[in-house]
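Peer 1: sequence and predicted model, in that order:
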Amino acid sequence: MHKSPSMDNFLTNGKSILLAYDQGFEHGPSLDFNEKNVDPSYIMEIAAKGGFNGIVFQKGLAEKYYDGRVPLILKVNGKAALAKGEPISMQNCSVEYALSLGAKAIGYTIYLGSERDGEMFQEFGRIQEQAHEHGIPAIAWIYPRGQAVKDDTSKEIVAYAARVGLELGADAVKIKYTGDPQSFSWAVKSAGKALVYMSGGPKAPTDEDFLKQVRGVMMAGATGLAVGRNVWQNEDPLRMARSLKAVIFGEKSVEQVIEA
Ligand code: FBP
């Protein structure tokens, strides 16, 4: 009987916080980066000093900046922001090459609802099998997107994303927050044994706003958070990391964290 590889490399007492840094590819450097966070070494430092459970890099960054201090999730597909039309993100790195760079998991984005989602299902299916053959988990970023998707954070569509991830064999799914714990708990239930990570999103107006989202996600039974901008765009990323860890691992309320 086939057993899925465990996500244990990325967990602390069953919970997790991952640092995502593929936005230079997905959005372009000018949209998200400043003089400091445009440097991948700065992000590697935040991941290590901030005690993250994993860091997400595309292969070029992994080759030149990954230093082994934090488990690596190699993102093996990506889409640039320039082309318009139905979204499609195709593989740019093999599973074998990801392993040679030290990957302890594979990351792959699927745009559920795109007219081209079948191509990503097919490709992820192959990648997931290769990852499992090598004993490492496959994490699916599942973002409902395309003309057919009216509301990408509705209870129904987020749960659908989670379920597609489970059925495709993802060991963890990275999905957007619905906005409240009740509706997000339906996504967590729909994900079954696939672990659920909330995807960070653009920087929230205040730290408190973002911490409230994370608290809601954890109350809904998620495993944790895969976050980029809300950490490395923060003026004090390590302080933000501490606050997030207090909510995720310490089960602290936002009030307790803010007052500390
Ligand atoms: P953020 O926390 O910065 O949103 O990062 C999470 C992430 O999934 C990244 O891995 C990815 O680059 C980005 O969001 C994609 O954002 P979108 O496609 O929603 O613009």
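Peer 2: Cool, the structure landed.
Peer 1: now the strands for the stretch 151-260 of the chain?
Peer 2: 172-175, 195-199, 224-227 (DSSP state E, counting those that start in this stretch).
Peer 1: of all the ones you listed, which lies closest to residue 49?
Peer 2: Residue 49 sits nearest to strand 224-227 of all the strands of the stretch 151-260 of the chain, at 15.5 Å, using C-beta to C-beta. Every C-beta, even on glycine, is put in place using the N, C-alpha and C of the backbone.
Peer 1: can you give the strand pairings for the helix or strand that residue 73 is a member of, parallel or anti for each?
Peer 2: Per DSSP states H and E: residue 73 is located in strand 72-75. The strands beside strand 72-75 in its sheet (DSSP bridges) come out as strand 54-57 (parallel), strand 103-110 (parallel).
Peer 1: could I get those strands as a markdown table with mean neighbour count?
Peer 2: Converted to a markdown table, these look like this (neighbours: other C-beta atoms under 10 Å):
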| stretch | mean neighbour count |
| --- | --- |
| strand 54-57 | 26 |
| strand 103-110 | 25 |
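Peer 1: redo the ones you listed as TSV? Include mean pLDDT and distance to residue 81.
Peer 2: Formatted as TSV, these follow (pLDDT from 0 to 100; distance: least, C-beta to C-beta, whole Å):
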stretch	mean pLDDT	distance to residue 81
strand 54-57	98	18
strand 103-110	98	13
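Peer 1: out of those strands, which comes closest to the ligand?
Peer 2: Among the strands paired with strand 72-75, the nearest to the ligand by C-beta to the nearest ligand atom is strand 54-57 (5.9 Å).
Peer 1: how far is that closest one from where the chain is centred?
Peer 2: 9 Å (C-alpha atoms, centre = their mean, to the nearest Å).
Peer 1: any idea what sits nearest residue 61, other than its immediate chain neighbours?
Peer 2: residue 40 (5.0 Å; C-beta to C-beta, 6 or more residues apart in numbering).
Peer 1: grab the CA positions of stretch 66-83 and hand them over as CSV.
Peer 2: C-alpha atoms of stretch 66-83 as CSV (Å, rounded to 0.1, in the frame of the first residue of the first chain):
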residue,chain,number,x,y,z
TYR,A,66,20.1,28.6,-0.4
ASP,A,67,22.5,27.7,2.5
GLY,A,68,20.8,24.7,4.1
ARG,A,69,19.8,26.4,7.4
VAL,A,70,16.1,25.9,6.8
PRO,A,71,14.4,23.1,4.9
LEU,A,72,13.9,23.9,1.2
ILE,A,73,10.7,23.8,-0.7
LEU,A,74,11.6,24.0,-4.4
LYS,A,75,8.9,25.7,-6.5
VAL,A,76,9.0,23.8,-9.8
ASN,A,77,6.6,26.0,-11.8
GLY,A,78,5.9,29.7,-12.1
LYS,A,79,4.0,32.3,-14.2
ALA,A,80,5.2,35.8,-15.0
ALA,A,81,2.8,38.7,-14.6
LEU,A,82,3.1,40.1,-18.1
ALA,A,83,0.9,37.8,-20.4
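Peer 1: name the residues of it that are buried.
Peer 2: Within stretch 66-83, the residues that count as buried by 16 or more other C-beta atoms under 10 Å are 66, 70, 71, 72, 73, 74, 75, 76, 77, 78.
Peer 1: so after the strand holding residue 73, what's the next helix or strand?
Peer 2: Using DSSP H and E, the first helix or strand after strand 72-75 is strand 77-78.
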